[in-house]
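prediction below, plus the sequence it came from.
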Amino acid sequence: MITLNINGKEQQLEASDDMPILWALRDVLHLTGTKFGCGMAQCGACTVHLDGQAIRSCVTPIAAAVGKKITTIEAMQNNEVGQAVQAAWSEIDVVQCGYCQSGQIMAATALLATNKQPTDADIDAAMSGNICRCGTYPRIRAAIHVAATKLS
């Protein structure tokens, strides 16, 4: 039995300690907002926060999260930065197909939690590796700037 802190709640999981966080979230806890994309930490669809840092949950074992806090897209409305990012996403109408967007929002929220006024270069660096097959990158960048303005 492994205990993880997920979205502020202690969760008991009966799972192998090498199970990727992604599968613990989706298959064991039924938190399906975090998406499977490539399974190789290359696309960013599975991005969650581990102690506030954006990580790829498809390759991070649950053993690495014991004693730390996992935050998923399901809890983004519970903090000021997550609220600002989600509101900006809606305002700018970022989403096309939407599949990558939970990972994009998680990466953007991690960026704005540590950098309240990111430049385009800061945004590009923080968001690199989060792939959007629809090509909404200009709208993602614009939404991050809108969220930063709302937070300042």
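Received, thanks. Residues are numbered from 1 along each chain as shown.

what about the helices in this protein?
For the chain, helices defined by DSSP state H occupy the ranges 21-23, 80-92, 101-114, 120-127, 137-151.

select, out of those, the one closest to Gln12.
helix 21-23 (15.2 Å; C-beta to C-beta). (C-beta placed from N, C-alpha, C; glycine too.)

tell me the mean pLDDT for stretch 96-103?
In this model, stretch 96-103 has a mean pLDDT of 95.

just name the most buried of the helices of the chain.
When you average the neighbours per residue for each of those (mean count of other C-beta atoms under 10 Å), helix 101-114 leads with a mean of 24.

in CSV, list the helices of the chain along with distance to Arg56.
What follows is these, written out as CSV (distance: least, C-beta to C-beta, whole Å):
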stretch, distance to Arg56
helix 21-23, 8
helix 80-92, 19
helix 101-114, 9
helix 120-127, 14
helix 137-151, 18
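
nearest to Lys35, of those helices?
Using C-beta to C-beta as the measure, helix 101-114 is the one of these that comes nearest Lys35, at 5.9 Å.

quick one: that closest one to helix 80-92, angle?
Counting by axes from the mean of the first three to the mean of the last three C-alpha atoms, to 10 degrees, helix 101-114 points 130 degrees away from the direction of helix 80-92.

what's helix 101-114 in contact with?
For helix 101-114, contacts defined as C-beta atoms under 8 Å, 6 or more residues apart in numbering pick out 33-35, 37, 43-49, 52-54, 71-73, 76, 79, 81-82, 84-86, 89, 94-95, 118, 122-123, 126-127, 130, 132, 140, 143-144, 147-148, 151.

nearest residue to the residue nearest the centre of the chain in space, ignoring adjacent ones along the chain?
Centroid check for the chain by C-alpha atoms, centre = their mean gives Met106 as the closest residue, at 2.5 Å. Nearest residue to Met106, sequence neighbours excluded (C-beta to C-beta, 6 or more residues apart in numbering): Thr47, at 4.2 Å.

please apply the same query to Thr71.
Once flanking residues are discounted, Thr71 sits nearest to His49: 4.1 Å by C-beta to C-beta, 6+ apart.
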